[in-house]
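>>> below are the sequence and a predicted model; questions follow.
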Amino acid sequence: MAPPRAEDVLARLQSLSDDQEISILKLSEPIVVAVTQLQDPHQRTSDISTSSLDATTPSSLEADLTHYRELFAKLRFSYVEQVTKEKFIRAIVGDPPLIVTPQENADLEKENLEAKATLKALKTEVAGMVADLESKARELSRKYEKVKVEKVKLGELPGKIRDLENAVAELRATRATGSSPNPELNLPLGKTLDLVESKKRQRAELDRQLEQLQSQVPRKKKELERLQAELQPLETKRQNSMAAAKEAKRRKEAALGGVEDDLEERGRFFRASEATLQQMLDIGG
């Protein structure tokens, strides 16, 4: 059986995420619907609860929770007060009137203490469950955000896989035809790994040489600045010497009548005179 393609897996994951979108608005819909159904349209509601039904946000839900806790505390106090008054009135107006003995009060106090201890234990258990649920909710939120990021990366994978498959196909075709201009591309795996290690060693050596040369740059730069400082007076002296030589040549040419090749002509004349004198001396001898 062939493995599923990446496109099919991505499409299925996308459909699942669309069907099971998680948000604070989605989670609050059952609560909002229940409150709306139970609420009397003629009954006055608080501003907090009305605003929370219009626009549900994490902050509004937290405000609603605080508001309903306060209302429940007030309602519980009113209920206990009303029940107590009712029992007291029935006790004193009954026929015969209800008479409670000290022992009954002690037993009732004992039952109240046990009920309070049980209630406290239940409250502690509920608080622990709430804290555990909040921790798990935050962890699930982090995982959900991570899955969203990974889903985006997964969406980019099919294109990269196709590019790599095309590159592999081109390399295989080139290797099969043997038309690669670089013979190193046709090496087997073992020799290719050896070549890679050799290139890595060469690169490490070049990096070491480059680091040495870079460490010598400041010293060479200072030496260059020193040589330039020493060369500047010599360059000035050379320019002055060239100017003086040109001036001397100009004066000499002016003194000899302005003939440019005067020295060369005089040299030819002296050589001709010398040859003539040598011939005359040879003849006289």
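Structure's in. What do you need?

>>> burial measure for Asp64, as a count.
The local packing of Asp64 (other CB atoms under 10 Å) involves 21 other residues. C-beta: built from backbone N, CA, C; applies to glycine.

>>> how is it assigned, secondary-structure-wise?
Per DSSP: H, G, I helix; E, B strand; the rest coil, the local secondary structure of Asp64 is helix.

>>> quick check: the gap between it and Leu71.
Here the criterion is CB to CB, to the nearest Å. By it, Asp64 lies 10 Å from Leu71.

>>> and if you look at Asn105?
According to CB to CB, Asn105 and Leu71 sit 32 Å apart.

>>> cool, and Asp132?
As judged by CB to CB, Asp132 and Leu71 stand 26 Å apart.

>>> quick one: distance of the helix of greatest length in the chain to the chain centre.
Taking residue count as the measure and DSSP state H as the definition, the longest helix of the chain comes out as helix 102-177. Put simply, helix 102-177 sits 24 Å off its chain's centre (CA atoms, centre = their mean, to the nearest Å).

>>> now for it, which elements pack on it?
Applying 3 or more CB pairs under 8 Å, 6 or more residues apart in numbering; DSSP states H and E, one finds that helix 102-177 makes contact with helix 6-19.

>>> state the mean pLDDT of the helix it packs on.
Taken as a whole, helix 6-19 has a mean pLDDT of 66.

>>> what do you get for stretch 266-278?
Per-region confidence: stretch 266-278 scores 79 on mean pLDDT.

>>> list the buried residues of stretch 184-202.
Along stretch 184-202, not one residue counts as buried under the neighbour rule (16 or more other CB atoms under 10 Å).

>>> got the CA coordinates for it in CSV?
As requested, the backbone C-alpha atoms of stretch 184-202 are provided in CSV (Å, rounded to 0.1, in the frame of the first residue of the first chain):
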residue,chain,number,x,y,z
GLU,A,184,33.4,15.0,-9.3
LEU,A,185,29.6,14.9,-9.5
ASN,A,186,29.8,11.3,-10.8
LEU,A,187,31.8,9.9,-7.9
PRO,A,188,30.3,7.2,-5.7
LEU,A,189,29.2,7.9,-2.2
GLY,A,190,32.4,6.8,-0.4
LYS,A,191,34.7,8.9,-2.7
THR,A,192,32.2,11.8,-2.5
LEU,A,193,32.4,11.8,1.3
ASP,A,194,36.2,11.7,1.2
LEU,A,195,36.2,14.6,-1.2
VAL,A,196,33.9,16.5,1.1
GLU,A,197,36.2,15.9,4.0
SER,A,198,39.1,17.0,1.9
LYS,A,199,37.3,20.2,0.9
LYS,A,200,36.5,20.9,4.5
ARG,A,201,40.1,20.5,5.5
GLN,A,202,41.1,22.8,2.7
